[in-house]
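J.: Everything below, folded, please.
(chains A and B)
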Amino acid sequence: MNDMTSPDHDRPPCTMACPILTDGREYIQLIAERKFEKAYAAIRGLNPLPRVCGRICTHPCEGACKRGQVDEPIAIAALKRFASDGPWRGRCKALQPAEPTGHKVAVIGSGPAGLAAAHDLALLGHHVTVFEALPVLGGMLRLGVPAYRLPKDVVDEEIEAICDLGVVMKTGVRIGEAMKLKDLFDQQYGAVFVAVGAHQERKLDIAGADAFEGVVSAISFLQRSNSGQNPKVGRQVAVIGGGNTAVDSARSALRWGADAVRILYRRSRDEMPAAPEEIEEAVAEGVHLSVLTSPVEVLGEDGKVTALRCMENRLGQPDANGRRSPDPMAGSEFVLDVDMVIAAIGQAPESSFFAQELELDQRSHRIVVNEAGATVCPGVFAGGDAVTGPATVIQAIAAGKERACAIDLYLKKKWHPVPGPARSDERERLSSAIIEKTRKFERAKKICLPMDRRLKGFEEVEAVLTEDRAISEALRCLHCFLGAKIDKDKCVSCLTCLRVCPLQIPRASKMGEITIDPFECQACGMCALECPVQAIDIDLHPRGDIDREMTAAMSRSAHPDPLMVGFFDLHGDFGPSDKERLRQEHPNILPVMVFGLRRIDTVDILKAFEWGAQVVFLAGCPVEKDPFPETREAVKQRMARTKTLLNALGLDGERLALCHMPKQGLVDKAFIEDLEERVKEMAPNPMGVKRG
Amino acid sequence: MITLEQKPFEEIEKMTKGCGRLLVLGCETCAAMSLAGGKKEAEVLAAAIRVARKMSGDKSEVLYDAVARQCEPEFIDMTEKEVAQCDAVLSLACGAGVQLLAERFPDKVILPGCNTTFLGVTERLGVWSERCAGCGNCILDKTAGLCPIARCSKQLLNGPCGGSVDGKCEISKEVDCVWQLIIDRLTKLNRLEMLEEIFPVKDWSPAGHGGPRKMVREDLES
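T.: Numbering: from 1, shown residues only, chains lettered A, B, ... in the order given. Presented below is the predicted three-dimensional model:
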C-alpha cells in the first residue's frame, strides 16, 4: 500500500533505540485505550523481565522519542512499569513453550542475560538448566541493584515465571571449578551460554589503598547490603567513581546510617556515566558530589582509614572516545576526612575459571566471541557483561535473547551467524513548523517516597504511576508511523488531505503525487476520513475499526432497549472504573471508545442507528486535553451534515447529540439524564434493536 | 474540473424507492474532487438508503462501488458483473457519466445522484466557483484572463453594464462584476487600450447552440 521499501522504515524511534526492539507504541496505545491487561501481554510477549525493566531500564527509547523533540519524551519506562505492575498481570495467560526438542542447554549465570536466554530457549522447546555460582538467583538484579530501586520480590516473581516454563535453576554451582565446560557436554548438554556478568571489581590503585581497614569495593559492599547484611558503614563515607554502582553505593550507605556520603568523580557531572535521574535522586537524598576530584592517597591511623588525599582536576583534551581527560591541577591537593572508602571504579568479568577453555581478552578479561556470540569452543556461546563489560539490564536481556536465537539455530544444525537488526543512530528530526503546531502536554511527574521515609530503610523510592497519570501519559504518544498511509493507486490528487491536515503534513508534487511523511504524521485521522476516494487509511484504529468495535460491544452487551450508543473520546479523563460505573448506572448506553471524535464518520452513526439505537451521542474530551483542538469545528460540521441526513431519513436529527465530557469521568450527569428523559418520549427506532 | 453537488437525500430516496437491488456507483475524478460522489460519498449514501429502506420495510440490498471515471467506456465496462446483479444503478457521476452508464447498460434503470453544476475551480476546502462556460471559443486573451461568458450574469462581451455598482453585480452584492475585474486587471497590466476593440456579436454555434456537440480528431480516430 505505501511505497516504503525498507522493512525497518516504519519502525518508530523508540523501537529502533531499544536493544530488544520493543515497540513501545503498542503497549502505550493499549494503556491509552484503558486495555491494561493487553498492554501487559504485549510487553511480556517480548520481554521476560518487564517489571525489572519498568524500574531500572536506562530507557534509551525515551532518548529517541519523537515527543522529546516537541516537549519531553513519553515516560515509556514508567508506562511499562504501570502495565506490568498492575493486578491484571496475574490474569494474563502465561506464554507456552513449544513442543520439546530434546535438546539440553546449560546457562551459566542467572543475571538478566542468562534469564532472558533461559526464557527464550525454554519457549523454543529446549530443556534449560541455569547454573548459578552464588546461593541466590538474579545476579546483579539481586546483588547489584539496591532494593529501593528494585524490590527483590519483583525479581523473585519474574524468575519464578521463567521457572514455570520448565527451566531448572541450580544455585551454588560454579562452572569452571570442579565442573568444566566440557563436562557439560559429557552430560548431554548440546550448547552452553556463558553469562557470568562482570563481578570482578577493579582495585583502587593509589597509595594506601590496601593498607587500611575501611577501604572496600562497591561490589562487595552492595552484595552485603543487598543481601540484607549490615555492611557496617562509617560516619564519613567517600565513594569513588561516577557510574550507577557508585551512586547505588552512596545511596545505600546513607540508608545504613552514614552521616555524610560524598561521591568523588574525576570528571564533571555531565560526564558521569550514571543515569542522570539517579544522580538527581542521590543529591536530593543528601549525597554530596565532588566532581573534578581524584583521590591520590588513602591516609590512615592505627590500621584504619582516616582521610583521603585528593587533587582537583580540570578537563583537558578529548581522548579517543571523545571524553575529555581529567588533568590534575598542580597545587590543588586537599585532604578529606573519611572513615570509609567505597571504590566503584569499574568491574570486569570473573572469567579466570574459563581461561583454559575459552579465549579471554588479556587486558579486560572479557570473553571473546564472534559476531553471533559464539566462543572459540564449539557449542559455547557467551554474552552480557562477561563479553561487553558492565552494561545495562536491557543490553544484557538483548544479549540473552540474541544468543538464544543463535543457540537454537546451532542446535537445529542450521548454524549461521545471526545478523543483528540494521540500526542507524540517525534520528529523524521534526521540522520547526511541526514542533510549533504540535500541542504540548506535560510529562507525568513521578511519585516518590517522601524524603523522611526514604533513608529509614530500603523501601522502594519511586512508586508506580497512578492510573490517571499513566493514561494521560500514554495519550501523549505521537504515534510515529501509525498515521496516514496513502494508496497511490487510488489517490486522485484532489488535495483534500492537504486542506484538512491540522499540521499541514501532506505534500503534493507538481504532477499531483501526494506524500504523507509517516514520521511526521500524528495519526489525527482527518485525511483518512475526508479522503473522497478512500485512498488513505490510518494504522491507529484503521477504517472499519469503529464498526468492528460496535459489533463486538453489541455482542457482549445484554441488548439494552432502548439502546443509546455513545462515542467517547479516549482523551477524556476517565478510567476503567468509570466505564464500569457507566455500565451499572446507565446500562442502556453502549460505549464505543475512539481516538478523537474526528474519527467518527456519518457511516458509523448510521450503523449505530441500524443497530437499533434510539439516540447516538458523541462525547468529546475537554478542550484542554484535545491534541487537535483545531479539528473540533470540523466535527461539529460533520455532525450538522449528519443531522440533516437523519432528518431527511425521517429519523429526526434530534436523535444525534454532541456533548462534552466532564473534567473527570465519562459523562455529564445532567446531560445524560436529560437525554434519557428525551429517549422515553421518542418514538421507537423503526428498525428495532438488532441482536449482536 | 466539472463540479457536482449531491442531490438532496429526499430526492434520491424518492427516485430509488422500489427500484430493487441498487448499486450506488461513485466516480473517482471530478465527482470525488467535488466531495460529492467519490467512493466515500457512495458508502455514506448507500448506508443512508439502506437505513431508509429498512425503515420502510424494504429489504432489497444496497451496494456501493466506484470507478475512476464514468465518462470512459472501458471503466464502465469493468462494472458489468456488479451491475448485472442489480436492478438499478445510482450514479454519482456528472450527467455525462450517468448517460454513458445508461448507454452501456440499456436494460438497467440508471439514476443520477448528483447535479452537475459548472466548470470551476476550488477556492478552498468546500468552496468552488464557476470559471468556464465551455462556449467553444475562448477569448481570455482579450479579457485579461477573466471570462465574461462564465462570470458576467448577462454574458456581456462589451461590459460593464449600468448595473455594476462598486465593483459588484446588480444581481447580488456577493457577486463581483467581472467587467470591473477585467478593467482593474488590464489597468494593472497597462493594457487597458485592449478594450478599445469592440467585440463583434458572438457566434454561439460552438457553444452548443448549433445542436449537440461532437469532436472528432481524424488524426487519432480509430
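
J.: Against A:Thr171, how distant is the closest residue to chain A within chain B?
T.: Closest contact between chain B and chain A, by C-beta to the nearest C-beta, is at B:Gly38 (3.4 Å). Just so you know, the C-beta spots here come from the backbone N, C-alpha and C atoms, and that holds for glycine as well. Separation of B:Gly38 from A:Thr171 (C-beta to C-beta, to the nearest Å): 68 Å.

J.: How about A:Ile505?
T.: 56 Å.

J.: In terms of neighbours, single out the busier of those two.
T.: Higher neighbour count among A:Ile505 and A:Thr171: A:Ile505, with 24 against 13, using other C-beta atoms under 10 Å in any protein chain shown.

J.: measure stretch A:88-95 end to end?
T.: With C-alpha to C-alpha, to the nearest Å as the measure, stretch A:88-95 spans 15 Å from end to end.

J.: what sits up against it?
T.: A:36-37, A:40-41, A:44-45, A:123, A:161, A:164-165 (C-beta atoms under 8 Å, 6 or more residues apart in numbering or on different chains).

J.: again, only using 6 Å
T.: When contacts are defined by C-beta atoms under 6 Å, 6 or more residues apart in numbering or on different chains, stretch A:88-95 is touched by residues A:36-37, A:40-41, A:123.

J.: repeat for stretch A:221-229
T.: A:143-144, A:146, A:231, A:249, A:252, A:342.

J.: Narrow those to those in helices?
T.: The helices, defined by DSSP state H, take in A:143, A:249, A:252 from the contacts of stretch A:221-229.

J.: burial of the nearest residue to B:Leu189 once chain neighbours are set aside, as a residue count?
T.: Spatial nearest neighbour of B:Leu189, excluding adjacent residues (C-beta to C-beta, 6 or more residues apart in numbering or on different chains): B:Ala144 at 6.6 Å. B:Ala144: 20 surrounding residues under other C-beta under 10 Å.

J.: How about A:Ile605?
T.: The burial count for A:Ile605: 26, using other C-beta under 10 Å.

J.: what's the helix or strand for it?
T.: Assigned by DSSP states H and E, A:Ile605 belongs to helix A:602-610.

J.: Tell me the bridge partners for the spatially most central residue of chain B.
T.: By C-alpha atoms, centre = their mean, chain B has its centre lying nearest to B:Thr116, at 3.3 Å. For B:Thr116, the beta-bridge partners are B:Leu4 (DSSP bridges).

J.: any idea whether the residue nearest to A:Phe441 when sequence neighbours are not counted is helix, strand or coil?
T.: Counting by C-beta to C-beta, 6+ apart, A:Phe441 lies nearest to A:Arg476, which is 4.8 Å off, once chain neighbours are set aside. Following DSSP: H, G, I helix; E, B strand; the rest coil, we place A:Arg476 in the coil state.

J.: okay, how far is it across stretch B:101-108, tip to tip?
T.: Calculated as C-alpha to C-alpha, the first-to-last residue distance of stretch B:101-108 is 9 Å.

J.: I meant to write stretch A:176-188 there.
T.: For stretch A:176-188, by C-alpha to C-alpha, the gap between its terminal residues amounts to 17 Å.

J.: And that stretch, what's buried?
T.: A:176, A:181, A:184-185 (16 or more other C-beta atoms under 10 Å in any protein chain shown).

J.: Also stretch A:229-240?
T.: Going by 16+ other C-beta under 10 Å, stretch A:229-240 has these buried residues: A:231, A:233-234, A:236-240.

J.: who does the lengthiest helix in chain B touch, helix- and strand-wise?
T.: Longest helix in chain B by number of residues (criterion: DSSP H): helix B:39-55. Contact here means 3 or more C-beta pairs under 6 Å, 6 or more residues apart in numbering or on different chains; DSSP states H and E; on that basis helix B:39-55 packs against helix A:602-610, helix A:632-649, strand B:22-27, strand B:62-67.

J.: Apply 7 Å and report the result again.
T.: With contacts defined as 3 or more C-beta pairs under 7 Å, 6 or more residues apart in numbering or on different chains; DSSP states H and E, helix B:39-55 has these neighbours: helix A:602-610, helix A:632-649, helix B:9-16, strand B:22-27, strand B:62-67.

J.: For these, give me TSV that also has mean pLDDT and distance to A:Gln96.
T.: TSV is the format used below for those (pLDDT from 0 to 100; distance: least, C-beta to C-beta, whole Å):
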stretch	mean pLDDT	distance to A:Gln96
helix A:602-610	94	38
helix A:632-649	95	45
helix B:9-16	97	54
strand B:22-27	98	48
strand B:62-67	97	44
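
J.: Just name the most buried of the ones you listed.
T.: Sort the helices and strands packed on helix B:39-55 by mean neighbour count, taking mean count of other C-beta atoms under 10 Å in any protein chain shown, and strand B:22-27 sits at the top with a mean of 29.

J.: A:Pro518 touches A:Leu482, doesn't it?
T.: No. Using C-beta atoms under 7 Å, A:Pro518 makes no contact with A:Leu482, being 8.5 Å away.

J.: Skipping its backbone neighbours, what lies nearest A:Thr58 in space?
T.: Ranked by C-beta to C-beta, 6+ apart and with sequence neighbours excluded, the top spatial neighbour of A:Thr58 is A:Thr392, at 4.7 Å.

J.: Could you tell me what pLDDT the model assigned to that neighbour?
T.: In the prediction, the pLDDT value recorded for A:Thr392 is 93.

J.: Residues of chain A that sit close to chain B?
T.: Residues of chain A found near chain B (C-beta under 7 Å from any C-beta of the partner chain) are A:492, A:494, A:496, A:499-500, A:531-534, A:602-603, A:606-607, A:609-610, A:645, A:648-650, A:686-687.

J.: the helices in the stretch 201-350 of chain A, which residues?
T.: Shown for the stretch 201-350 of chain A, the helices assigned by DSSP state H, counting those that start in this stretch span residues A:218-226, A:244-255, A:276-285.

J.: May I see the ones you listed arranged in TSV, with mean pLDDT as well?
T.: Supplementary listing: those in TSV, determined by pLDDT from 0 to 100:
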stretch	mean pLDDT
helix A:218-226	95
helix A:244-255	96
helix A:276-285	95
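
J.: quick one, which of those helices is nearest to A:Ala17?
T.: Nearest to A:Ala17, of all the helices of the stretch 201-350 of chain A, is helix A:276-285, at 16.5 Å by C-beta to C-beta.
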